[in-house]
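Asks: can't give you the sequence, but here's the structure:
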């Protein structure tokens, strides 16, 4: 990412130069990228995240099945080069319309429009150039909010804007799409990071000033974590902060946890940049039923999806090596019940604060 | 809303007292609310928003079809009373778990869980007590972001936190669920409010410091506007600021516009509190095709939903009285094409800035 101090414009120019050179010398212009299909995605056991294997793919112009995509990819590279030079950002939708404008009516909705079609081409470019979308000035969707004892220095509109994340009131600081370029995280005075699945519970804990009382950083990805939020969690872990994840004990909650911890198939090409293998799972767990008597009447029925997912997870090599998770999943399948993090508000609204404190004090985490 | 300086706890106590009194005197406890079905929703032609009619409904305990709902509503009122007294907020999900905790295992997922089932009861209470969810300390989902020359005074955690909406960098200020209680909007130094459908375009305009250059307030509801965002737009209009809405010219974009302008069926019981009839539609319009030649190659195919919706809208009394909209819709149906706001980035990323400036300068709005 930006820490590598790459100069994206120069990298794109190199690609352009090599293509021009090949054309001039009568060769077939091409570039090389890594295969991003499942067959080339592997779980790095040692480092603990999903990444691409080493299978390479050549994209060449004089190949009937590739020439359209080759042309499109070069057109994308050219536009991104312009965006970087202009120092302006857009999205892949904005990029699409710039291409439509330049190339004329031939580029219609059906040829080159849906994100499903243009996404892979941008990813080709990211992988081929070893750059990230963020360096190509293409914003991704953003989601996620943060409060805590830290500051942001956001270089924005030629000003250095300082945002104190302990002074954002009920709103919190909205995590942007790009947390690498022209942005710094300073004065991080916290003992740990807690990632809470639901915005509603984030608001609950924020109202209790939990982050202030516990000297921690409170994040919600607002459901599945967006690229910017995953990257921010990684960066905070790099500062030496432990990361704890707090979700429902169901298929969706676990998925959110694994995505933060090990990355995802979709972003496997970003590997360790968006994974935090050090992250631990704080709850809600089915084993909480033993510890907190009242939770027994707070369970709700697990859905078929939840049960199917639990069964699938039991077959993962990683789970087999972590008995705590195996026990957890088997028990859920046996009782066919799940627990939501909101259930901890049952006895009183602030009970969830004590629950988290207790878990952290006793180091009661799942790996 | 809160401006009425109602004391929610007292209002709930009055309801409780009257129920107790009726029980003690051997009467059937009851309360009265307004009917919220479509039959009692009307469009106020003069004021320009959707509201409830005057049809009332009595909810009584000694009515077999109502007694469960009556009990549940009173239980909800009791919990909300507690939340207000504690000065703590939760969501209807947190409320559900508190009820589950108090009432024991009998209240299972099937009896009282889905928002679809508990929402109407809370709305019953809001209407019966002439209070809003926000006054009952129940947060709604939040969504939406703002940048501009204004400040927020958020009384939060016994501190008065000042948030300068011109110093929020790339992130903007996240619009909360409740913009009425313990929160003030001061130093509003802007000429108008622009509501931009898509967060991506908000980020584009924010990067250009459009709000600073034009001295305006830039809001995105991030799609359909949440309750908090609708209410905030109303409050800014109350400060005398013109409100312009900028969406795609398609079914979804129009729906976003009408919801901001006239309110919605779902929130008809909130009437004028969440509607801004003064709002005007800035674009994108199909008539933009005449003014901006390049847009002709930027259209994309209208979907069946878009065309069906346009046809339905043509039958609205209000549309029939506003020829500009009639022309717009008929033309869209004729050419079967739509325009996205992102299309304005075609010629250059900053073109959209000029487009908005031009529309505002020439007062080119649809009503």
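Replies: Structure received. Computed from a predicted structure; not experimentally measured.
Asks: dump the residue contacts of the residue of the stretch 201-350 of chain A found nearest chain B.
Replies: Residue nearest to chain B within the stretch 201-350 of chain A: residue A:346 (3.5 Å; Cβ to the nearest Cβ). For glycine as for every other residue, the C-beta is placed from the backbone atoms N, C-alpha and C. By Cβ atoms under 8 Å, 6 or more residues apart in numbering or on different chains, the residues touching residue A:346 are A:294-295, A:298, B:97-98, B:100-101.
Asks: what's the one helix or strand residue A:58 maps to packed up against?
Replies: For residue A:58, the host element (DSSP states H and E) is strand A:56-60. In terms of contacts (3 or more Cβ pairs under 8 Å, 6 or more residues apart in numbering or on different chains; DSSP states H and E), strand A:56-60 is packed against strand A:30-34, helix A:67-86.
Asks: What lies in contact with that strand?
Replies: Residues from elsewhere that reach strand A:56-60, judged by Cβ under 8 Å, 6+ apart: A:28-35, A:66-67, A:69-70, A:73, A:124, A:128.
Asks: from those residues, which is closest to residue A:316?
Replies: Distance ranking of the contacts of strand A:56-60 against residue A:316, using Cβ to Cβ, places residue A:35 first at 22.8 Å.
Asks: quick one: contacts for the closest one?
Replies: Applying Cβ under 8 Å, 6+ apart, we find residue A:35 in contact with A:52-53, A:55-57.
Asks: Need the helices and strands packed on strand A:56-60 in TSV (columns: mean pLDDT and mean neighbour count).
Replies: As requested, the helices and strands packed on strand A:56-60 are arranged in TSV below (pLDDT from 0 to 100; neighbours: other Cβ atoms under 10 Å in any protein chain shown):
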stretch	mean pLDDT	mean neighbour count
strand A:30-34	92	17
helix A:67-86	91	18
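Asks: Which of the ones you listed sits closest to residue A:260?
Replies: The closest of the helices and strands packed on strand A:56-60 to residue A:260 is strand A:30-34. By Cβ to Cβ, the value is 23.4 Å.
Asks: who does the closest one pair up with?
Replies: Here strand A:30-34 is paired, per DSSP bridges, with strand A:56-60 (antiparallel).
Asks: Quick one: mean pLDDT for the partner strand?
Replies: Mean per-residue pLDDT for strand A:56-60: 91.
Asks: cool, stretch A:284-293 as well?
Replies: Throughout stretch A:284-293, pLDDT has a mean value of 96.
Asks: Any residue of it touching chain B?
Replies: No. Judged by Cβ under 8 Å from any Cβ of the partner chain, stretch A:284-293 stays clear of chain B, getting no closer than 11.3 Å.
Asks: And for that stretch, what's in contact with it?
Replies: Counting by Cβ under 8 Å, 6+ apart, A:246-249, A:253, A:295-296, A:299, A:327-328, A:331-332, A:335, A:337-341, A:343-344, A:355, A:366 sit against stretch A:284-293.
Asks: care to break chain A down by domain?
Replies: Per the record, chain A has its domains at A:2-136, A:145-361, by automatic domain parsing.
Asks: Return the most buried member of those domains.
Replies: Highest mean neighbour count among the domains of chain A (mean count of other Cβ atoms under 10 Å in any protein chain shown): domain A:145-361, with a mean of 20.
Asks: what's the span of it from first residue to last?
Replies: Start-to-end span of domain A:145-361 (Cα to Cα, to the nearest Å) is 25 Å.
Asks: Same check on stretch A:263-282?
Replies: Stretch A:263-282 stretches 18 Å from its first residue to its last (Cα to Cα).
Asks: what do you get for stretch A:82-90?
Replies: The first residue of stretch A:82-90 is 11 Å away from its last residue (Cα to Cα).
Asks: ditto for stretch A:85-98
Replies: OK, stretch A:85-98 end separation, Cα to Cα: 15 Å.
Asks: ok, it near chain B or not?
Replies: Yes. For stretch A:85-98 and chain B, the contact criterion (Cβ under 8 Å from any Cβ) is met by A:86, A:88-91, A:93-94, A:96-98.
Asks: ok so, going back, any idea which of the domains of chain A scores lowest on pLDDT?
Replies: Per-stretch mean pLDDT for these is lowest at domain A:2-136 (a mean of 86).
Asks: and that domain, how far from the chain's centre?
Replies: 20 Å (Cα atoms, centre = their mean, to the nearest Å).
Asks: Equivalent analysis for stretch A:313-330, please.
Replies: On the basis of Cα atoms, centre = their mean, stretch A:313-330 sits 24 Å off its chain's mean C-alpha point.
Asks: Let me know the helix or strand that the closest residue to residue A:296 other than its chain neighbours is in.
Replies: Residue nearest to residue A:296 in three dimensions, not counting chain neighbours: residue A:289, with 5.7 Å by Cβ to Cβ, 6 or more residues apart in numbering or on different chains. Per DSSP H and E: residue A:289 is located in helix A:288-291.
Asks: Could you say which helix or strand holds residue A:338?
Replies: Using DSSP H and E, residue A:338 maps to strand A:337-338.
Asks: can you list the residues that contact that strand?
Replies: Residues outside strand A:337-338 that contact it (Cβ under 8 Å, 6+ apart) are A:248-250, A:286, A:299-303, A:306, A:332.
Asks: Select from those every entry located in helices.
Replies: Counting by DSSP state H, those place A:306, A:332 in helices.
Asks: Pull the most distant pair out of the contacts of strand A:337-338.
Replies: Farthest apart among these by Cβ to Cβ are A:286 and A:303. That separation is 15.0 Å.
Asks: for the stretch 201-350 of chain A, what spans make up the helices?
Replies: Along the stretch 201-350 of chain A, counting by DSSP state H, counting those that start in this stretch, helices occupy A:210-213, A:227-238, A:251-262, A:288-291, A:304-313, A:317-320, A:323-335.
Asks: so which of those comes closest to residue B:80?
Replies: With Cβ to Cβ as the criterion, residue B:80 lies closest to helix A:210-213 of the helices of the stretch 201-350 of chain A, at 22.7 Å.
Asks: now check the closest one, is it near chain B?
Replies: Yes. Shown here: helix A:210-213 in contact with chain B (Cβ under 8 Å from any Cβ) through residue A:212.
Asks: would you list the domains of chain A in JSON lines and tack on distance to residue B:223?
Replies: As requested, those are arranged in JSON lines below (distance: least, Cβ to Cβ, whole Å):
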{"stretch": "domain A:2-136", "distance to residue B:223": "14"}
{"stretch": "domain A:145-361", "distance to residue B:223": "13"}
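Asks: what's the closest of those to residue B:164?
Replies: domain A:145-361 (9.6 Å).
Asks: what's the offset of the closest one from the middle of its chain?
Replies: Between the centre of domain A:145-361 and the centre of its chain there are 12 Å (Cα atoms, centre = their mean).
Asks: what do you get for stretch A:133-146?
Replies: For stretch A:133-146, the distance to the chain centre is 10 Å (Cα atoms, centre = their mean).
Asks: Briefly note if it comes near chain B.
Replies: Yes. Against chain B, stretch A:133-146 shows contacts by Cβ under 8 Å from any Cβ at A:139, A:141-142, A:145.
Asks: Who wins on neighbours among those residues?
Replies: Highest neighbour count within the residues of stretch A:133-146 next to chain B, by other Cβ atoms under 10 Å in any protein chain shown: residue A:145, with 25 neighbours.
Asks: hang on, isn't it packed against residue A:199?
Replies: Yes. Under the criterion of Cβ atoms under 8 Å, residue A:145 makes contact with residue A:199 at 6.8 Å.
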